[in-house]
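Undergrad: Can you look at this prediction? I've put the sequence above it.
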Amino acid sequence: MTTKNKSDKDFSIYFQPPSLTDAKKRGKEDIKVHYNFEIPEDMQQFGKDKYYLIQTYGCQMNEHDTETIMGLLEQMGYQATDDRRQADVILLNTCAVRENAEDKVFGELGHLKHLKAEKPSLVLGVCGCMSQEEAVVNRILQKHAFVDLIFGTHNIHRLPNLLKEAFYSKEMVIEVWSKEGDIVENLPKKREGIKAWVNIMYGCDKFCTYCIVPYTRGKERSRRPEDVLAEVRDLARQGFQEIMLLGQNVNAYGKDFDDIEYTFGDLMNDISKIDIPRVRFTTSHPRDFDDHLIEVLAKKGNLVEQIHLPVQSGSNEILKRMSRKYTREHYLELVAKIKNAIPDVGMTTDIIVGFPGETEEQFEDTLSLVKEVKFDSAYTFIYSPREGTPAADMDDDVPMEVKKSRLYRLNAVLAEFSKESNESFKGKVVDVLVEGESKNNSDVLAGRTRTNKLVHLVGPKELIGKIVPVRITDAQTWYIKGEWVPASAV
Ligand code: SAH
Ligand code: SF4
Ligand code: F3S
């Protein structure tokens, strides 16, 4: 780990490409937790009268990292702007999970080249998951040499120092740690609105064969329960209405503690006692979802009845080659257990179509699983090969046309179930957290049920930020419509 600039020839010593063999040799050494972070004194006024803009491309974890970066920049005196021409710092917080996410970033760099030419004092940086890939860093060095700064996912707290270096250096400043660092606890975070993200763990040790995340995010490290609970209590005091607990595999929470026995179920149980109206979590891995957690979730209270449980495929052969480490039968059994304990649960999932070698029959196994579970909704993807992952070496013989048609067929089935599930809400009165005006029509408010269904409702603007009863009047495919029921009329 070190700071490099592009004139250094031995760059590769400090930067390793994703390698399954190396990454799996993860050390057992303890992760240290640091509580004493401070912006260096000489950087506290560095951003005075200057502006920043951050573009975020990835998952909720990535968006939450953006909140940390914003927190750091604002403690340095920078102010936010939406206007690129006004910005003194522009950062692209990138995602590497699929090729199209990466393409967008390279496209954007093409546009930013002109801006940089017009305003040479602009500091242009690339951070996030793409920075953790050697091929990406090399491509930026060769083709986008006007970039000033590259940093990764493990060293966000180093931003003040790196920004200073980038500002004064004529060379591109690159600092990417190929190995995860310790946990830095007290980084500032700029949160807005009524919902807040809270990391409970970092990294992933699952190594699904198609996935880049274990390489870009490092090994699983859980935050100490007392730190998570203190953060949630603080957010409750600040008036946030909803917390989303984040981890790539939240069910593995606590497995890395060697001094205490404390699981994700225990954490949820402790969080259920905190006075915050709604608590969600993402993402669950079916393999580690245990009975204790189901028992805790079934008590409901502030733990809402929604579970995102990525299945990826309904075929045992494909699941095996994805190294998901569960079978279709195990997944269905788990869903039955959850539905038995929480009958009104909203189930959502992630599905990949066109994994290397996927046959029509194997795809139909996915369709039949979807029909059996009747998911409320799903994120669906065409498989995208990621360099350095085991699946990238598998024979990818499914033509793109076939992959696209499978995605289309899958989405059609999902839309049917989403509509069916939405229809079942008609006539009911449900609690809705009103989040703001609808994106397309400012006369309509938009909010979410406990099961995370999008609701469009008619009601006064004062309802924004509150949880209110809404009578559902109509169902569309991807949202439901309703009207506010004032308390006296319930
Ligand atoms: N940790 C989470 C999700 C991580 S990425 C989990 O395990 O569920 C989010 C989703 O992107 C995954 O669930 C998967 O469906 C999809 N995905 C990951 N790698 C992919 C790839 N190479 N091609 C297509 N989709 C992918
Ligand atoms: Fe990727 Fe999720 Fe599998 Fe981890 S559990 S390797 S993040 S798909
Ligand atoms: Fe993308 Fe990184 Fe999230 S690869 S999905 S931003 S963990």
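TA: Done, it's in. Bear in mind that the values here come from a model prediction, so they are computed numbers and not experimental data. Ligands and ions are numbered 1, 2, ... in the order given.

Undergrad: check contacts around residue 344.
TA: Shown in contact with residue 344 (CB atoms under 8 Å, 6 or more residues apart in numbering): 305, 451. All C-beta spots, glycine's among them, are computed from the backbone N, C-alpha and C.

Undergrad: where does it land in three-state SS?
TA: coil (DSSP: H, G, I helix; E, B strand; the rest coil).

Undergrad: Near residue 93, how many other residues are there?
TA: Other residues lying near residue 93 total 24 when counted by other CB atoms under 10 Å.

Undergrad: now residue 238
TA: 10.

Undergrad: mind checking how far it is from residue 192?
TA: 11 Å (CB to CB, to the nearest Å).

Undergrad: For the stretch 101-250 of the chain, just list every one of the strands.
TA: 123-128, 149-151, 173-175, 183-184, 195-199, 201-202, 221-222, 242-246 (DSSP state E, counting those that start in this stretch).

Undergrad: Would you format these as a markdown table with distance to ligand 1, mean pLDDT and mean neighbour count included?
TA: Output for these, formatted as a markdown table (distance: least, CB to the nearest ligand atom, whole Å; pLDDT from 0 to 100; neighbours: other CB atoms under 10 Å):
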| stretch | distance to ligand 1 | mean pLDDT | mean neighbour count |
| --- | --- | --- | --- |
| strand 123-128 | 14 | 98 | 24 |
| strand 149-151 | 22 | 97 | 24 |
| strand 173-175 | 25 | 95 | 25 |
| strand 183-184 | 19 | 92 | 18 |
| strand 195-199 | 13 | 98 | 21 |
| strand 201-202 | 11 | 96 | 23 |
| strand 221-222 | 15 | 95 | 22 |
| strand 242-246 | 10 | 98 | 20 |
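
Undergrad: need the residues of the stretch 101-250 of the chain near ligand 2, please.
TA: Proximity of the stretch 101-250 of the chain to ligand 2 (CB under 6 Å from any ligand atom) is limited to residues 204, 206, 207, 208, 211, 213, 214, 248, 249.

Undergrad: Can you point out the buried residues in stretch 39-48?
TA: 39, 43, 46, 47 (16 or more other CB atoms under 10 Å).

Undergrad: now stretch 73-86
TA: Quick answer for stretch 73-86 (16+ other CB under 10 Å): 73, 75, 76, 78, 81.

Undergrad: Am I right that the third one is in contact with residue 41?
TA: No. Assessed by CB atoms under 8 Å, residue 76 is found out of contact with residue 41, at 11.2 Å.

Undergrad: Please tell me how far residue 296 sits from residue 280.
TA: Counting by CB to CB, the gap from residue 296 to residue 280 is 14 Å.

Undergrad: er, residue 407 actually
TA: Counting by CB to CB, the gap from residue 407 to residue 280 is 27 Å.

Undergrad: same deal with residue 255?
TA: Taking CB to CB, one finds residue 255 at 21 Å from residue 280.

Undergrad: circling back to that earlier point, okay if I get the strands of the stretch 101-250 of the chain as JSON lines plus distance to ligand 3?
TA: Output for the strands of the stretch 101-250 of the chain, formatted as JSON lines (distance: least, CB to the nearest ligand atom, whole Å):
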{"stretch": "strand 123-128", "distance to ligand 3": "6"}
{"stretch": "strand 149-151", "distance to ligand 3": "14"}
{"stretch": "strand 173-175", "distance to ligand 3": "18"}
{"stretch": "strand 183-184", "distance to ligand 3": "17"}
{"stretch": "strand 195-199", "distance to ligand 3": "12"}
{"stretch": "strand 201-202", "distance to ligand 3": "10"}
{"stretch": "strand 221-222", "distance to ligand 3": "14"}
{"stretch": "strand 242-246", "distance to ligand 3": "10"}
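
Undergrad: right, so of those, which gets closest to residue 356?
TA: Closest approach to residue 356 among these (CB to CB): strand 123-128, 26.6 Å.

Undergrad: Ranking helices and strands of this protein by mean pLDDT, which lands last?
TA: helix 11-14 (a mean of 40; mean pLDDT, DSSP states H and E).

Undergrad: and the residue of the stretch 51-200 of the chain nearest ligand 2?
TA: Ranked by CB to the nearest ligand atom, the top residue of the stretch 51-200 of the chain for proximity to ligand 2 is residue 97, at 8.0 Å.

Undergrad: That residue - nearest residue in space that isn't next to it in sequence?
TA: residue 212 (6.1 Å; CB to CB, 6 or more residues apart in numbering).

Undergrad: Show me the helices in the chain, by range?
TA: 11-14, 20-24, 60-75, 99-118, 134-143, 159-168, 213-217, 225-237, 264-271, 291-298, 316-321, 328-341, 360-373, 400-423 (DSSP state H).

Undergrad: Tell me which of those helices approaches ligand 1 most closely.
TA: Of all the helices of the chain, helix 213-217 comes closest under CB to the nearest ligand atom, at 5.4 Å.

Undergrad: How about residues contacting that closest one?
TA: With CB under 8 Å, 6+ apart, helix 213-217 has contacts from 18-19, 23, 61, 96-97, 129-130, 132-133, 152-153, 180, 202-207, 248, 388-389.

Undergrad: which of those are buried?
TA: Buried among the contacts of helix 213-217 by 16+ other CB under 10 Å: 18, 23, 61, 96-97, 129-130, 132-133, 152-153, 180, 202-207, 248, 388-389.

Undergrad: Pass me the low-pLDDT residue ranges in the stretch 351-490 of the chain, would you?
TA: 488-490 (pLDDT under 70).

Undergrad: ok, and the closest non-adjacent residue to the residue in it that ligand 3 sits nearest to?
TA: Closest contact between the stretch 351-490 of the chain and ligand 3, by CB to the nearest ligand atom, is at residue 386 (9.1 Å). Excluding its sequence neighbours, the residue lying closest to residue 386 (CB to CB, 6+ apart) is residue 212, at 4.3 Å.

Undergrad: OK, contacts around the closest residue to residue 356 other than its chain neighbours?
TA: Distance criterion CB to CB, 6+ apart; nearest residue to residue 356, sequence neighbours excluded, is residue 394 at 3.8 Å. By CB under 8 Å, 6+ apart, the contact list for residue 394 reads 209, 321, 356, 357.
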